[in-house]
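Participant: Let me see the structure of the following:
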Amino acid sequence: MRLFLNKPSFSIPINIIRSAFFNSNRRYPLPVKNHNLNFFFRRISSMATTPKPNEEGAAKRFWDKFSKESNLTLYTPFVVSLASGNLKIDTFGHYVAQDVHFFKCFAQAYELAEDCADDDDAKDSIVELRKNVLYELRHHASFVQEWGVDLSKETTPNAATTKYTNFLLATASGKVEGVKGPGELATPFEKTKVAAYTLSAMAPFMRLYVFLGNELKSFVDVDGDEHPYKKLIHKYSSESYQATMLQIEDLLDKLSVSLTGQELDTMQKLYHQALKLEMEFFLAQPLHQPTVLPLSKQHIPSENQLMIFSDFDLTCSVVDSSAILAEIAIVTAPKSDQSQPESQSQSQIVRMPSADLRNTWEMLSKEYTEEYEQCMESMLANEKVESFEYEGLKKAVEELVEFERKANMKVIESEVLKGLNLEDIKRAGERLIMLDGCMGFFQSIINNQNLNVNVHVLSYCWCADLIRSAFSSGGLHQINIHANEFEYQNSLSTGEIIKKVESPIDKLQAFTNILKNNPQTGPTNLTIYIGDSVGDLLCLLEADIGIVIGSSSSLRRIGTHFGVSFVPLFPSLVKKQKECIEGSSFKWKGLSGVLYTVSSWAEVFGSYMDAIVLGCEFVKWAERFCCRDEWFLHKMGGRIYYHNSKF
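Facilitator: Model (predicted):
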C-alpha cells in the first residue's frame with residue numbers, strides 16, 4: 001500500500017485531477033468530487049504538468065522543451081570517453097575534421113540568412129556571426145595542432161554530418177513547407193521568416209556545445225593539466241563561446257517576434273530536428289576502443305541476458321496507482337440517495353455511498369501518513385553507521401513488512417475497493433500518464449533485436465491489471481508484471497486483494513526468485529533495478545546496477561543512515577570509463593553500497609544508446625524511439641516536408 005510516500009514535487013493541476021497533493025516531502029491522496037467517470041478519464045488522459053509563467057525567448061523555450069535530446073547526447077559513448085580523457089586521438093581527429101564541414105556549412109547558411117534579413121541590425125548581427133565562423137575556420141588547424149591532428153587534407157563528411165548540413169542548407173534556401181522557393185520570396189516578411197527558420201536550425205548547435213562544455217568542465221578541473229582535451233572543453237565552456245551562443249539566440253528571438261503561431265511551430269520543429277541530428281552526429285563518431293556505454297556493451301546476446309527490473313508507482317507513472325483506484329471507486333460509487341442497482345444486489349456487490357467512501361479514504365490516508373512517519377523514525381533509531389551495512393539495513397526495512405500488511409488489511413476491511421469494474425480499471429490504465437521517456441525506454445529495449453533482454457516490473461500496486469493495461473497501451477505486452485491482484489466477481493472487484501507483493505521483503509523475494517528460476521541466469525548476466533522509494537531499496541542494492549529516479553527524501557535518509565552512497569550516474573560512468581582501457585576489464589557488481597541517481601528516464605535511455613540505433617534510417621529511428629505524435633522532417637526532392645508519424 002502506498003497511500004503516502006516521501007516524494008519529489010510534481011505540478012499537477014487540481015482541476016484536472018485531485019488524486020494527490022504533492023509538496024517537497026509528502027504525498028496525501030485526496031479524492032475527486034466529480035461523479036462522471038467519462039469526465040474523469042478525459043481528465044486523466046489529458047493530465048500534464050502546469051506550465052510555468054514564461055517570458056523567455058523562443059530559443060530558450062525550445063531548448064527547455066527538448067532537453068531530453070541534450071541528455072541523450074551527454075550519454076553517448078563519444079562524450080563519456082571525451083570527458084574521461086581516454087578518447088583515442090584518431091577518433092578525436094575524425095571528430096574535429098568533421099567540424100570543418102559544419103563550419104563551412106554555417107558560413108554558407110549565414111550568408112543566405114543575411115540576404116533574407118530585412119532589418120539592418122539583424123543583418124549586422126548575422127555578418128558578425130559569419131565572421132566568427134570564418135575566423136574559426138582559419139584558426140581551426142592551429143587549434144588542434146597540439147593533438148597531432150592534421151587538417152591540411154580534405155576529409156569526406158560522414159553520413160551524419162551530411163544529414164545535418166543538407167538539412168541546414170535546405171532550410172536556409174527556403175526549402176521548407178509553407179515557404180516559397182528560392183527566387184520567389186517577394187516581401188520582406190517572407191524573407192525574414194526564412195532567416196528565422198535558418199537561425200532555428202543553427203541555434204541548438206551552439207547551445208548544445210555550451211551545455212556539453214559546462215557538463216564536462218568539472219572533469220577537466222579534477223584532472224588539471226593531465227586531461228588531454230582540457231583545451232577543447234574549456235573552449236566550449238568559455239565566456240566567449242557562451243556570448244556567441246547568446247548572440248544567436250537573441251537574434252533568433254528578435255526574428256521570431258512578428259511570426260504567427262503556426263510559423264513559431266515550424267521554428268520549433270526545425271529546432272528539434274537540428275538537435276536530433278546533432279545527437280546522431282555524436283552517436284556516429286567511430287570508437288575503436290572499450291567503452292562502458294551502452295550499459296549492455298559487454299552483453300553477448302547468445303551468452304548473456306540483460307535483466308531489467310523496475311518499480312511502477314512514481315517510478316514509471318506520474319500518479320500513484322492507489323490514488324487512481326480510489327478515484328475510480330469514488331467516481332463510480334452511488335450517491336447516498338441512490339438505491340443500489342439491481343444487478344449489483346444480485347451479484348452481492350453492495351457499495352457504500354460516495355460521500356462515505358470519500359471520508360473513509362481520507363481517514364485511511366491520514367492514518368497511513370502518521371504511521372508511516374513513525375515507522376521511518378523507528379528505522380532510524382539506531383546510531384548511523386560509518387560504512388555500508390546491508391544486513392543492518394535489511395533488518396530495519398523488515399519493520400515495514402507488518403506495517404504494510406496491516407495497512408492493506410485496513411483497506412480491504414474498509415471495502416473502499418469494492419465494486420470496481422475491470423473495464424474501468426483497464427481504461428484508467430490505458431490513460432495513465434507515464435513519466436517522460438519511460439515508455440520510450442522500454443519500447444527501445446524490448447524491440448531491440450540485438451539484445452537478449454528480460455523485463456520485470458515489481459510493484460505494491462493493488463491491481464496488476466492497471467499496470468498491464470498501462471504498458472499494453474504502448475504495445476509492451478512482453479513485460480512481466482509482479483504485483484497484487486484484485487479478486488473479481490462478474491468483472492466487479494469483491495474488495496479482496498490477492499496478496500503477492502506487499503512489502504520491500506516481498507519485492508526482494510520476487511527479485512531473487514526471478515533470478516534463481518531464470519534458465520539463462522549466469523555470472524555474465526547484468527541485472528539493473530530502477531526505483532524511487534524505500535520499498536525499492538533492497539532490490540536496488542542487490543542488483544548489479546541500482547538506478548534511483550527522483551529525489552525521495554525518505555529513501556536517501558534511510559539509505560545514508562546505513563552507509564549507502566548516492567552518486568549521479570553520469571560522473572560514475574565517466575569514472576568507469578577512465579578504468580576502461582585496452583586489455584583491462586571492469587564489472588558492475590551488486591551489494592557495493594553505491595546507488596546511481598538520475599533526474600529523468602532520458603538519462604537511463606541515454607545509457608543504452610549506441611551505434612545499433614544507426615543501423616536504421618534516422619527517420620525510422622526517430623519514429624520508433626522519440627516522441628509520440630511528433631512531426632519529423634524528411635528531405636525529399638530537395639524540399640523538406642513534415643510527416644505525422646506515430647509509434
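Participant: which ones are touching residue 588?
Facilitator: By CB atoms under 8 Å, 6 or more residues apart in numbering, the contact set of residue 588 is 526, 544, 545. For glycine as for every other residue, the C-beta is placed from the backbone atoms N, C-alpha and C.
Participant: Can I get those residues in JSON lines including neighbour count and distance to residue 230?
Facilitator: Putting those into JSON lines (neighbours: other CB atoms under 10 Å; distance: CB to CB, whole Å) gives the following:
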{"residue": "526", "neighbour count": "20", "distance to residue 230": "33"}
{"residue": "544", "neighbour count": "17", "distance to residue 230": "33"}
{"residue": "545", "neighbour count": "22", "distance to residue 230": "30"}
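Participant: Show only the entries of those found in strands.
Facilitator: Using DSSP state E, the subset of those located in strands is 526, 545.
Participant: Now tabulate the contacts of residue 588 in JSON lines and tack on distance to residue 381.
Facilitator: Below are those laid out as JSON lines (distance: CB to CB, whole Å):
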{"residue": "526", "distance to residue 381": "36"}
{"residue": "544", "distance to residue 381": "31"}
{"residue": "545", "distance to residue 381": "31"}
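Participant: what's the closest of the contacts of residue 588 to residue 67?
Facilitator: Minimum distance to residue 67 across the contacts of residue 588 is 23.5 Å, recorded for residue 545 (CB to CB).
Participant: Show the contacting residues for the residue nearest to residue 535 when sequence neighbours are not counted.
Facilitator: Nearest residue to residue 535 in three dimensions, chain neighbours excluded: residue 504, at 4.8 Å (CB to CB, 6 or more residues apart in numbering). Residue 504 is in contact with 397, 400, 401, 534, 535, 536, 537, 538, 539, counting by CB under 8 Å, 6+ apart.
Participant: Compute the first-to-last residue distance for stretch 581-599.
Facilitator: Length of stretch 581-599, first residue to last, CA to CA, to the nearest Å: 29 Å.
Participant: that older thread, list only buried entries from the contacts of residue 504.
Facilitator: Buried members of the contacts of residue 504, scored by 16 or more other CB atoms under 10 Å, are 397, 400, 534, 535, 536, 537, 538, 539.
Participant: For residue 176, state which of these is nearest.
Facilitator: Closest to residue 176, out of all of the buried ones among the contacts of residue 504 and judged by CB to CB, is residue 536, at 47.0 Å.
Participant: ok, now how distant is the residue nearest to residue 535 from residue 596?
Facilitator: Using CB to CB, to the nearest Å, we find residue 504 at a distance of 19 Å from residue 596.
Participant: again, but for residue 108
Facilitator: Counting by CB to CB, the gap from residue 108 to residue 596 is 43 Å.
Participant: related to what we said a few turns ago, put together a markdown table for the contacts of residue 504, with pLDDT on each row.
Facilitator: As requested, the contacts of residue 504 are arranged in a markdown table below (pLDDT from 0 to 100):
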| residue | pLDDT |
| --- | --- |
| 397 | 94 |
| 400 | 94 |
| 401 | 94 |
| 534 | 95 |
| 535 | 95 |
| 536 | 97 |
| 537 | 97 |
| 538 | 97 |
| 539 | 97 |
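Participant: which one of the residues you listed is nearest residue 508?
Facilitator: Among the contacts of residue 504, and counting by CB to CB, the member closest to residue 508 is residue 538, at 4.5 Å.
Participant: and the helix or strand harbouring the closest one, how far from the chain's centre?
Facilitator: Residue 538 is part of helix 537-542, with elements assigned from DSSP states H and E. How far helix 537-542 lies from its chain's middle: 21 Å, per CA atoms, centre = their mean, to the nearest Å.
Participant: Also stretch 394-412?
Facilitator: Mean-position distance between stretch 394-412 and its chain equals 31 Å (CA atoms, centre = their mean).
Participant: Could you give me the buried positions within it?
Facilitator: For stretch 394-412, the neighbour count (16+ other CB under 10 Å) marks 394, 396, 397, 399, 400, 403, 404, 407, 408, 410, 411, 412 as buried.
Participant: who has more neighbours, residue 108 and residue 596?
Facilitator: Each of residue 108 and residue 596 has its neighbours counted (other CB atoms under 10 Å); residue 596 has more, 24 against 17.
Participant: Quick one: list the elements packing against the helix or strand containing the more buried one.
Facilitator: Counting by DSSP H and E, the element that carries residue 596 is strand 594-598. When contacts are defined as 3 or more CB pairs under 8 Å, 6 or more residues apart in numbering; DSSP states H and E, strand 594-598 packs onto strand 545-549, strand 565-568, helix 569-579.
Participant: Quick one: those as CSV, columns for mean pLDDT too.
Facilitator: Below are the helices and strands packed on strand 594-598 laid out as CSV (pLDDT from 0 to 100):
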stretch, mean pLDDT
strand 545-549, 96
strand 565-568, 95
helix 569-579, 91
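Participant: What sits closest to residue 231 if chain neighbours are left out?
Facilitator: Nearest to residue 231 is residue 146, by CB to CB, 6+ apart, at 7.0 Å.
Participant: Pop out the phi and psi values for that neighbour.
Facilitator: Here the main-chain torsion angles of residue 146 (degrees, to the nearest 10) amount to phi -60, psi -20.
Participant: Can you report how many residues lie near it?
Facilitator: By the criterion of other CB under 10 Å, residue 146 has 9 neighbours.
Participant: All the strands of the stretch 351-500 of the chain, residue numbers only.
Facilitator: With DSSP state E, counting those that start in this stretch, the ranges of strands along the stretch 351-500 of the chain come out as 418-421, 453-458, 480-482, 485-489, 492-498.
Participant: Out of these, which is closest to residue 159?
Facilitator: Closest among the strands of the stretch 351-500 of the chain, using CB to CB: strand 453-458, at 27.8 Å.
Participant: Residues touching that closest one, excluding its own?
Facilitator: 305-312, 316, 442, 445-446, 467, 471, 478-483, 501, 507, 510-511, 514, 518, 520, 539.
Participant: What remains of the residues you listed if I keep only buried residues?
Facilitator: 305-312, 316, 442, 445-446, 467, 471, 479, 481-483, 501, 507, 510-511, 514, 539.
Participant: Sitting in helices, which of those do you find?
Facilitator: Counting by DSSP state H, the buried ones among the contacts of strand 453-458 place 442, 445, 446, 467, 471, 507, 510, 511, 514, 539 in helices.
Participant: check contacts around the third one.
Facilitator: In this case it means residue 446. With contact set as CB under 8 Å, 6+ apart, residue 446 has these partners: 453, 455, 476, 478, 479.
Participant: Out of those, give me the two with the largest separation.
Facilitator: Within these, 453 and 476 form the most distant pair, 12.1 Å apart (CB to CB).
Participant: For the buried ones among the contacts of residue 504, work out which two are farthest apart.
Facilitator: Spatially, the most separated pair among these is 400 and 539, at 13.4 Å (CB to CB).
Participant: Which residue ranges of the stretch 251-400 of the chain form helices?
Facilitator: For the stretch 251-400 of the chain, the helices defined by DSSP state H, counting those that start in this stretch cover 261-283, 321-332, 342-346, 354-379, 390-397, 399-414.
Participant: This completes my enquiry, with thanks.
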